[in-house]
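K.L.:
Provided below for reference: sequence and predicted model.
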Amino acid sequence: MDRELEQERKTTMLKLAKYMKKSAGMIILIVILLFVQAYCDLALPGYTSNIVNIGIQQSGIEDVVADEIRSESAEKLFLFMTAYDVKLFQNHYELKENRYVLGTISINDREQLNTAMSKAIMIVSGLAEGTEQNISIKAQMQLPEDVNLLDMLAFLPEEKLAVTVSVLMSKIEDVPEVIATQNAITYIKEEYKALGINIDKLQQNYILWSGIKMLGLALVIMITAVIVTFLSCKVAAALSRDLRVNVYKKVMSFSNAEFNKFSTASLITRNTNDIQQIQMFMTMIFRIVLYAPILGIGGVIKVINTNVSMAWIIALAVGLILTLVLVLLIVAMPKFKKLQVLIDRLNQVTREILTGIPVIRAFSTQKHEEKRFEDANQILTKTNLFVNRCMAFMMPAMMLIMNGITLLIVYKGAYGVDNGDMLVGDIMAFIQYAMQIIMSFLMLTMMSIMMPRATVSASRINEILVTEPTIINPQNPKIPKKFVDSSVVFKNVSFSYPGADENVLDNISFTAKKGETTAFIGSTGSGKSTLINLVPRFYDVTAGEVLVDGVNVKDYDKNELCKRLGYVPQKGVLFSGTIDSNLRYGCEDAPKEVIQKAAEIAQSIDFINEKEDGFDSPIAQGGTNVSGGQKQRLSIGRAIAKNPHIYIFDDSFSALDFKTDITLRKALKEETKDAVTLIVAQRISTILHAEQIVVLDEGQVAGIGTHKELLKTCDVYKQIADSQLSKEELAHE
């Protein structure tokens, strides 16, 4: 089950990648720049090695293919070179006076000539006057000490010379290449000195130019790193922007059924923290995940080219790192997956406490709520601390492995240098390549730790994006005929909440006509608010149909349907801004006179005028800086300003005092004479004069009629009236 869930989360990450299509060009550019950066990074150790091997140990002389060589010295070398190699030498060197000057030469020809000349130089150096080999050969051949052995060899017949050369070559076959190269370079140094070439200047120039090249590479690395980081952040930011837009659009398309599935705190966390996690992860993907394999593979190739015999050290380092990572993943991974859920929980508790502060204070439950917050906060803190401690342990462990590998390379490399198999510079380059390979694995390790949290976030976001709203727009929406009288008709309507076993409403039928007020009353839980929520399609009916202006609400375009409605919820909702912006919420272009008239009808004009800025007075988030009654009146004014065909008041007069209630309803009656008015009420006094009252009892219609008719025909209504009105009031009515 866990494996399937993990696979689903990885698939989710790929699904979210489709939102990056717009940034495909930048992603390709990032990949190209990463290859450039990796090439420069991998080139630097080679330059470091060359500075030590060539610049310091060889005085800036790269190989034995000298720029200039004396003709007499070259002729000595010719004795021990094949005819092909001699011809190759003469093809690339031009004889000027008493010296050969090197012209243009290809890399392959230079390598071949370097090998041939190195062997020849080894023999010539070994046969030089005063050497042990020179003295030994003279003794074997019984030659006088003053005889120049090399001059004598030049006069030997070709057959005897070939045999002699073969014997001498066999003696140097076992000489390590490093020692052969060093001896040959020493010979070239002497040649340069004899020609008057300044070796110190040659060495300084080589080191200087190598340093300049390294600085150039470092500059390229810096520039590419900056550009890659900039582009990565831009691509990741664009992805998070698109995700936020799509999540917002999807949430705005949700009906109440979907909002019941996702808590408000969870939706906020998903649209902020979760998307931020993905943004951070995507930034690191382009900067690290793509770069690490390029650097690691390149480093392995360089290591193999440097010294194959020590490649096992890299394998050991990688094995140790993977073992450490595996242990950390097994220990820390479950905690990483749990973090987002804990953040959700903390947000939910915090939101509940902040929105319920008045109730908390009224019931003196501060200690209880403080404990709830502390519990949620403590669990999140402990989980974060555990994860961070794992990470804190990981870095020192990685550094220990890296330093241990460095010591092992130096230890094995020292034997290589002693045996003539390696140069000091090669050890330095090997260490740097090893560190690059280890760092690439380290970077991937860091990403493997970040990935679980990002995949959890991606899964949570995708859960919203793939949720199909239960209420959708029809493909071919219908539009009511013009000049038809407004009406709301319920035909045999039944409704049950998603997943519920029983209906909340059962077989409801009535007609609300233009110019009339239809009121709904009943005990708590009888389905009043649920019933009127079917008109704006907050929910869809389970059976039957709801008609607005003769058209089933399911056949309306949702925006077109809502344009016809003026909805005032049970709990007044105001938005941060001003009084004017809240009144204009459904009609931004309405003239000032219309807004002012709406405020007058809603009985809001008095307290608005009392404010210093009038209609421009600020409204805090949620309308916390106005009273409950003022909030309700502004909500009613917002609906009036829209001038809709149908007014829906969901117990919207409960916070008003008796006098304001009567005055408002009287003014509202005049305003709504050409519209359908639906009112949910708890107080009979609010709906006494309604043309039609629908009495609900446990989701069924208990009676329909006027106040007087229901007092005679409906026991449920009479019980409600008896509980709210005195005998005198009932008699008067």
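P.N.:
Sure thing, it's come through.
K.L.:
For Lys119, see how far away Asn305 is.
P.N.:
Asn305 is 23 Å from Lys119, where distance means Cβ to Cβ, to the nearest Å. Where you see a C-beta, it was placed from the backbone N, CA and C, and this is true even at glycine.
K.L.:
out of those two, which sits in the busier spot?
P.N.:
Neighbour count, other Cβ atoms under 10 Å: between Asn305 and Lys119, Lys119 has more, with 23 against 11.
K.L.:
Quick check, that one in contact with Ala180.
P.N.:
Yes. Counting by Cβ atoms under 8 Å, Lys119 sits close enough to Ala180 to count as a contact (7.4 Å).
K.L.:
neighbours around the nearest residue to Arg372 once chain neighbours are set aside, how many?
P.N.:
Spatial nearest neighbour of Arg372, chain neighbours left out: Val349 (5.5 Å); criterion: Cβ to Cβ, 6 or more residues apart in numbering. By the criterion of other Cβ under 10 Å, Val349 has 18 neighbours.
K.L.:
For Val349, what are phi and psi?
P.N.:
phi -60, psi -40 (degrees, to the nearest 10).
K.L.:
State the next helix or strand along the chain beyond the host helix or strand of Ala519.
P.N.:
Assigned by DSSP states H and E, Ala519 falls within strand 517-522. Downstream of strand 517-522, the first helix or strand assigned by DSSP H and E is helix 528-532.
K.L.:
Quick one: list the elements packing against that next one.
P.N.:
strand 487-495, strand 505-513, strand 517-522, strand 646-650, strand 676-680 (3 or more Cβ pairs under 8 Å, 6 or more residues apart in numbering; DSSP states H and E).
K.L.:
Dump the ones you listed into TSV; add mean neighbour count as well.
P.N.:
As requested, the helices and strands packed on helix 528-532 are exported to TSV (neighbours: other Cβ atoms under 10 Å):
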stretch	mean neighbour count
strand 487-495	19
strand 505-513	18
strand 517-522	24
strand 646-650	23
strand 676-680	25
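K.L.:
Can you tell me which of the ones you listed is nearest to Leu202?
P.N.:
Closest to Leu202 of the helices and strands packed on helix 528-532, according to Cβ to Cβ: strand 646-650, at 93.4 Å.
K.L.:
Is Gly628 in contact with Leu656, as I believe?
P.N.:
No. Taking Cβ under 8 Å as the definition, Gly628 is not a contact partner of Leu656, at 9.2 Å.
K.L.:
Just want to know which of these two has more residues nearby.
P.N.:
Leu656 (22 against 13).
K.L.:
and the more buried one, that one's in a strand?
P.N.:
No. Looking at Leu656 with DSSP: H, G, I helix; E, B strand; the rest coil, it is coil, so not inside a strand.
K.L.:
from what I can see it touches Gln632, true?
P.N.:
Yes. Using Cβ under 8 Å, Leu656 is in contact with Gln632, at 6.4 Å.
K.L.:
What's the local residue count around the residue nearest to Val52 when sequence neighbours are not counted?
P.N.:
Closest residue in space to Val52, ignoring its immediate chain neighbours: Gly425 at 3.4 Å, by Cβ to Cβ, 6+ apart. Look at Gly425: counted by other Cβ under 10 Å, it has 23 neighbours.
K.L.:
show me what contacts Gly425?
P.N.:
By Cβ atoms under 8 Å, 6 or more residues apart in numbering, Gly425 lies in contact with Thr48, Ser49, Asn50, Ile51, Val52, Asn53, Ile54, Gln57.
K.L.:
again, only this time at 7 Å
P.N.:
By Cβ atoms under 7 Å, 6 or more residues apart in numbering, Gly425 lies in contact with Thr48, Ser49, Asn50, Val52, Asn53.
K.L.:
The second one sits in which helix or strand?
P.N.:
So the one you mean is Ser49. Using DSSP H and E, Ser49 falls in helix 24-50.
K.L.:
OK, contacts around Asn183?
P.N.:
Contacts of Asn183 (Cβ under 7 Å, 6+ apart): Met122, Ser125.
K.L.:
Spatially, what comes nearest to Asp242 if we skip its sequence neighbours?
P.N.:
Nearest to Asp242 is Tyr19, by Cβ to Cβ, 6+ apart, at 4.7 Å.
K.L.:
What score does the one you found have for pLDDT?
P.N.:
Tyr19 is assigned 77 on the pLDDT scale.
K.L.:
Please name every helix or strand in contact with the helix holding Ser49.
P.N.:
Where contact means 3 or more Cβ pairs under 7 Å, 6 or more residues apart in numbering; DSSP states H and E, helix 24-50 is packed against helix 199-252, helix 291-306, helix 424-465.
K.L.:
Phe35 is nearest to which of the ones you listed?
P.N.:
Closest among those, once you apply Cβ to Cβ, is helix 291-306, at 6.2 Å.
K.L.:
can you pull the buried residues of that closest one?
P.N.:
Buried residues in helix 291-306, counted by 16 or more other Cβ atoms under 10 Å: Tyr291, Ala292, Ile294, Leu295, Gly296, Gly298, Gly299, Val300, Lys302, Val303, Thr306.
K.L.:
try stretch 202-214
P.N.:
Neighbour-count burial for stretch 202-214 [16+ other Cβ under 10 Å]: Leu202, Gln203, Tyr206, Ile207, Ser210, Met214.
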